[in-house]
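Chemist: Below are the sequence and a predicted model for it; my questions follow.
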Amino acid sequence: LNDEMVSYEAEPPEHIYGTHFEGGTVYVDTELTEEIEAEGYARDVIRRIQEMRKRLDLDVDAEIDTYVDVADARVEAFVDRHRDVVAEETRTREFVAGDELATEGEWALVEEWDVEGVTVTIGVEPVGE
């Protein structure tokens, strides 16, 4: 066998994308799994809580109590899967149950967010304030 006798054509599955470069080809699997989607929603909630902490001018180490109410049960389950990560990243001491309505006045800051088309209400209350 020699090179002229062999041919190769790469046909990756639909969700696999590749790009060529001088040293070869890199392939990326772009399939969105349930776990990746769950982590993505949790990261979106973390980002919103961090933004609210910043607006309240809280110290980096300041603990907070957090209220999170997600309007979609499926997305709520995704966020709940990563509740420990959300708590750690945002310095949340305690999550208040989603069925307890958070209102301005009771909380330092309450905001309604659109997270990928899903309404998420977040309340932040500094601990000891």
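Modeler: That came through fine.
Chemist: Figure out the helix or strand that residue 77 lives in.
Modeler: Using DSSP states H and E, residue 77 maps to helix 73-81.
Chemist: and that helix, which residues are buried?
Modeler: 75, 76, 78, 79, 81 (16 or more other C-beta atoms under 10 Å). Every C-beta, even on glycine, is put in place using the N, C-alpha and C of the backbone.
Chemist: Put together TSV for the residues you listed, with distance to residue 118 and pLDDT on each row.
Modeler: Below are those laid out as TSV (distance: C-beta to C-beta, whole Å; pLDDT from 0 to 100):
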residue	distance to residue 118	pLDDT
75	5	94
76	9	93
78	10	94
79	10	93
81	15	94
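Chemist: Looking at these, which one is closest to residue 92?
Modeler: Of all those, residue 79 has the smallest distance to residue 92: 12.4 Å, by C-beta to C-beta.
Chemist: Any idea which residue is closest to the centre of the protein?
Modeler: residue 43 (2.1 Å; C-alpha atoms, centre = their mean).
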